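Engineer: got a sequence here, can you model it:
(one chain, ligands or ions: 1)
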Amino acid sequence: MNAPIPAGPTVEIPAAILALLRAARHVVVLTGAGVSAESGIPTFRNKMTGLWKRYAAEDLACAEAFRRDRALVWGWYEWRRKLVMQAQPNPAHRAIAALAERTPRLSLVTQNVDDLHERAGSRDIIHLHGEIQRPRCFACGQAFSFGPGIPDEPEGGRRLEPPRCTHCNGHIRPGVVWFGEALPEDAWDVAARACASCDLMFVVGTSALVHPAASLPEIAARRGVPTVQINPDATAFDDRAHFNLRGAAGEIMPRLL
Ligand code: OAD
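Structural biologist: Numbering: from 1, shown residues only. A predicted model of the protein is given here:
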C-alpha cells in the first residue's frame, strides 16, 4: 500500500484517499517547511546562501550558537523574518484552510514558525516549534513586540545585535524552539492527543527527521489510522505511510478538495 504514487498535475489522487477524507470525523494535518517552500521560504535542508552559506541550520538554531555569537543568530532570524513577511500563502496553505471548513474536525499541527497558515485563514494552529513573530527575552522570558514594518535586511543577510528586554535589559531571542530545547508543553499535548484520536492523518512537506515532531505520525500509524504523506522526495516516514503522494504540496493539496 505504501509504494510511492507519483502525483503530478495530471495524475489523479487515488479514490481511496478521497473516500477516507469523505468519511473522516477528525483529520490531523502535520506540516513542515516544504509547505512554505512554494511561498519562497527555504526549507532547512536547502543549501544556505549569502552570509549564511558556511553554516547549516543546526549551527544557528541552538542556544549555544546564540551565546557564542548572538548577532550572527539574530541576523539570520531577522533575515528569515523578512522572507516570511514578504511571502504570501500558497495553494497548499489555502487548501488546508478550506479543508478545515469541509471536515467535521481538523487539527492543524505545524513545525513552521511562519504565519502563512494563519494568513491563509486556518484557525487554532498548533505551532510545535514556536513563532518567528513572537520573540522573548533570553534571560527573563518576557515577550517582546517587534515594531511595525518588514525588517530592512540586505538580500545576503547581515549580522545584527538583538534588541534589549525592557524589563531586565537581557537580550531578546527568537521565539522559536531551538535544537536541544523542549517543545511548548501545551502545543505538544494538544498535538499528541489529536494524533491519538484522529481517523486520518496527512503529513505534508516534512523530512520527518526532527523529533519529537516526527513521532506524531507514528502515534496515528500505530493505531492503524491511515496516513497520507505528501512530499516530492523520500522521507524518514516513507515506509510507515499508507500512501506516499510524490509531488509538491501546492499542487496536490488543492486537489484533495
Ligand atoms: P525540512 O527542511 O527538514 O524538510 C522539508 C521537507 O519538505 C523535505 O522533505 C522536502 O522534500 C519537502 N519539500 C520541499 N518542497 C516541497 C513542496 N513544494 N511540497 C511538499 N514538500 C516539499 O523541514 P521540516 O521537516 O519542517 O526546526 O524540519 C523540521 C524542523 O527542523 C524545523 O521545524 C526546524 C528544522 O530544523 C527548528 O527550527 C527547531
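
Engineer: contacts for the strand or helix carrying M85?
Structural biologist: Using DSSP states H and E, M85 maps to helix 70-86. Identification of contacts with helix 70-86 by Cβ atoms under 8 Å, 6 or more residues apart in numbering yields 40-42, 50-52, 55, 60, 65-66, 113-116, 132-133, 146, 150-153, 157-162, 171-174, 176. Yep, even glycine has a C-beta here, placed from its N, CA and C like the rest.

Engineer: how far out from the middle of the chain is that helix?
Structural biologist: Distance of helix 70-86 from the chain centroid (Cα atoms, centre = their mean, to the nearest Å) equals 16 Å.

Engineer: model confidence over that helix, on average?
Structural biologist: Per-residue pLDDT over helix 70-86 has a mean of 97.

Engineer: ok, stretch 96-104 next?
Structural biologist: Stretch 96-104 carries an average pLDDT of 98.

Engineer: go on, stretch 128-142?
Structural biologist: Stretch 128-142 comes out at a mean pLDDT of 98.

Engineer: what about that stretch, distance to the chain center?
Structural biologist: 17 Å.

Engineer: right, is the helix holding M85 up against the ligand?
Structural biologist: No. Residues of helix 70-86 contacting the ligand under Cβ under 6 Å from any ligand atom: none, with a closest distance of 9.9 Å.

Engineer: mind listing what's buried along whatever helix or strand comes next after that helix?
Structural biologist: Sequence order places helix 91-102 as the next helix or strand after helix 70-86, per DSSP H and E. Within helix 91-102, the residues that count as buried by 16 or more other Cβ atoms under 10 Å are P91, A92, H93, R94, A95, I96, A97, A98, L99, A100.

Engineer: check stretch 204-224 too.
Structural biologist: Quick answer for stretch 204-224 (16+ other Cβ under 10 Å): 204-208, 210, 213-214, 216-221.

Engineer: keep only those of these that are in helices.
Structural biologist: By the criterion of DSSP state H, membership of these in helices covers L216, P217, E218, I219, A220, A221.

Engineer: could the residues you listed go into JSON lines alongside distance to A187 and pLDDT?
Structural biologist: Output for these, formatted as JSON lines (distance: Cβ to Cβ, whole Å; pLDDT from 0 to 100):
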{"residue": "L216", "distance to A187": "11", "pLDDT": "98"}
{"residue": "P217", "distance to A187": "16", "pLDDT": "98"}
{"residue": "E218", "distance to A187": "18", "pLDDT": "97"}
{"residue": "I219", "distance to A187": "15", "pLDDT": "98"}
{"residue": "A220", "distance to A187": "17", "pLDDT": "98"}
{"residue": "A221", "distance to A187": "21", "pLDDT": "97"}
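
Engineer: quick check: which of these are also close to the ligand?
Structural biologist: Judged by Cβ under 6 Å from any ligand atom, the overlap between those and the neighbourhood of the ligand is nil.

Engineer: of all those, which two lie farthest apart?
Structural biologist: Farthest pair in these (Cβ to Cβ) is L216 and A221. Separation: 9.7 Å.

Engineer: centre-most residue in the chain?
Structural biologist: In the chain, the centroid-proximal residue (Cα atoms, centre = their mean) is N112; its distance is 2.4 Å.

Engineer: do you know how far that one is from W79?
Structural biologist: Per Cβ to Cβ, to the nearest Å, N112 is found 16 Å from W79.

Engineer: helix, strand or coil for the closest residue to T49 other than its chain neighbours?
Structural biologist: In space, and not counting its chain neighbours, T49 is closest to G156: 7.3 Å by Cβ to Cβ, 6 or more residues apart in numbering. State at G156, reduced to three classes by DSSP: H, G, I helix; E, B strand; the rest coil: coil.
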